[in-house]
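> Got a predicted structure here, sequence first:
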Amino acid sequence: MSFCYFVLFSHPQDPTLRLAPAQAAALRNCLATLPGLRKAHFYTPAEARDRFIDDGAPPVFGLQLYFDTLQALESAVCSGGAFHSLVQQGGLSSLDAAKAEQQAMLLRPYDVPEPKPASATATSFLVWYPGPADDLQAWLGAYLRGHAPLLRQFPGLRELEILSRVDWIDQLPWPRVQHMQRNRVMFDSPEALTEALFSPVREALRDDSATAPRYSGGNRHYPMLTEVVAGPASASAR
């Protein structure tokens with residue numbers, strides 16, 4: 001069982017805002033020794049097109065941190081944790097003008113037909129469903145039975161994750177969200193993502209969504225360049 005911590009920063013009025021290079025370097029150094037961290041993703045905006053939707057400007061920066069246990073995740077984001085200390089000392093202050101939101105989630109990784117490590121142009125499609133659903137159990141069950149197998153059929157797909165909400169503790173300064181689900185698909189490039197989003201699989205996914213149990217809150221879809229940073233727990237896993 002694995003868990004992920006997300007923090008995303010959005011600034012629609014200034015979509016060019018980025019984490020300062022010196023702070024990005026310090027963050028990489030922090031994560032490289034963060035106890036219990038298996039890996040981290042740095043997300044920055046990518047340009048890709050979807051066949052059906054355009055949700056506007058993507059987040060200007062995002063982090064997805066991977067841990068084997070919820071306790072390790074909480075240790076990192078509570079007082080005394082290295083990530084918490086970096087944030088409290090202004091380590092992400094270049095993003096102070098952006099709106100932030102954070103969430104911890106249970107990770108459901110899926111095997112894909114042609115997996116491949118992230119390239120320099122690797123691009124993830126981050127999707128989330130704020131909810132609520134009238135019946136969360138029914139909605140999630142229908143998604144895992146119907147949507148997940150279709151997602152695996154995307155041409156050029158390298159990674160697939162579906163994430164479910166959990167309760168967690170933290171002492172970070174950002175607002176918390178309780179989105180009922182997120183998912184992430186990764187491709188070799190923005191062009192490969194666009195190709196997948198114009199494939200027949202995308203239409204099949206839209207048809208499947210139309211049969212989902214009733215929910216509110218809509219969904220959001222954003223293409224993000226994906227840089228992978230190895231954590232200390234990655235070495236012990238090999």
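Nice, I can see it. Residues are numbered from 1 along each chain as shown.
> so what does the helix or strand hosting V185 touch, helix or strand wise?
Following DSSP states H and E, one finds V185 within strand 181-187. For strand 181-187, the elements it packs on are strand 123-129, strand 159-165, helix 190-197, judged by 3 or more Cβ pairs under 8 Å, 6 or more residues apart in numbering; DSSP states H and E. All C-beta atoms are positioned from the backbone trio N, CA, C, and that covers glycine.
> now the ones you listed as a markdown table including mean pLDDT?
Shown next, in a markdown table, are these (pLDDT from 0 to 100):
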| stretch | mean pLDDT |
| --- | --- |
| strand 123-129 | 98 |
| strand 159-165 | 98 |
| helix 190-197 | 98 |
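> looking at those, which is buried most?
A comparison of the helices and strands packed on strand 181-187 by mean neighbour count, using mean count of other Cβ atoms under 10 Å, puts strand 123-129 on top with a mean of 22.
> Other residues contacting that one?
41, 43, 46, 48, 58-59, 62, 159, 179-190, 192-193, 197, 215, 217-226 (Cβ atoms under 8 Å, 6 or more residues apart in numbering).
> next one: stretch 106-116
By Cβ under 8 Å, 6+ apart, stretch 106-116 touches 1-4, 66, 144, 148, 151-152, 156-166, 188.
> do the same with stretch 161-175
Stretch 161-175 has contacts (Cβ under 8 Å, 6+ apart) with 3-4, 7, 70, 73-74, 77-79, 84, 87-88, 100-110, 140, 143-144, 148, 176, 178-184.
> do that again at 6 Å, thanks
74, 77-79, 87, 100-102, 104-109, 178, 180, 182-184 (Cβ atoms under 6 Å, 6 or more residues apart in numbering).
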